[in-house]
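K.L.:
All I have is the shape, not the residue letters:
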């Protein structure tokens, strides 16, 4: 099953994909362009499920609202996976390998997806 993970942000979103047991960062998109971008990616990559990172508090409310919009727009199932500390972990991993920080959101999405895969696949 091919899965797309999203590290949701109000300005930008990190994306990662998996087919099997490993996730990999895909790209970062502008939040304002999400509907067309995600529709194109889901068709091109033949995505069957979306995993959305979720946190706590006010942001969790926005993430849940976004999940409803995703389901309505794309017609795909959406699961949640905790994203607590994924951005910090992504930054630490990127520093270890000398990767540029602008990719942080896509790496965070890959970490979210990897956690999901380890628990559910």
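P.N.:
Noted; the coordinates are in hand. Remember, it's a predicted structure, so these values are computed and weren't measured experimentally.
K.L.:
right, and residue 47 touches residue 41 too?
P.N.:
Yes: here residue 47 reaches residue 41: they are 6.9 Å apart, a contact under Cβ atoms under 8 Å. Using the backbone N, CA and C atoms, a C-beta is placed for each residue, glycine as well.
K.L.:
Residues that sit against both of these two, list them.
P.N.:
With contacts defined as Cβ atoms under 8 Å, 6 or more residues apart in numbering, the residues adjacent to both residue 47 and residue 41 are residue 4.
K.L.:
can you give me the helices for the protein?
P.N.:
Along the chain, counting by DSSP state H, helices occupy 34-45, 57-74, 86-97, 104-120.
K.L.:
now, of those, which is deepest in the fold?
P.N.:
By mean neighbour count, with neighbours taken as mean count of other Cβ atoms under 10 Å, helix 104-120 ranks first of the helices of the chain at a mean of 22.
K.L.:
where does the chain dip in pLDDT?
P.N.:
Scanning the chain for pLDDT under 70 picks out 84-103.
K.L.:
I'd like to know which of the helices of the chain is closest to residue 10.
P.N.:
Between residue 10 and those, the shortest gap by Cβ to Cβ is with helix 57-74, which sits at 7.1 Å.
K.L.:
got the angle between the closest one and helix 34-45?
P.N.:
Here helix 57-74 runs at an angle of 60 degrees relative to helix 34-45 (axes from the mean of the first three to the mean of the last three Cα atoms, to 10 degrees).
K.L.:
Run through who's touching helix 57-74.
P.N.:
With Cβ under 8 Å, 6+ apart as the test, helix 57-74 has contacts from 6, 8, 10, 35, 38-39, 42, 50, 52-55, 76-78, 80.
K.L.:
tell me the two of those that are most distant?
P.N.:
39 and 55 (25.1 Å).
K.L.:
Find the residue closest to residue 37 in space, skipping its chain neighbours.
P.N.:
Counting by Cβ to Cβ, 6 or more residues apart in numbering, residue 29 is the residue found nearest to residue 37 once chain neighbours are left out, at 4.5 Å.
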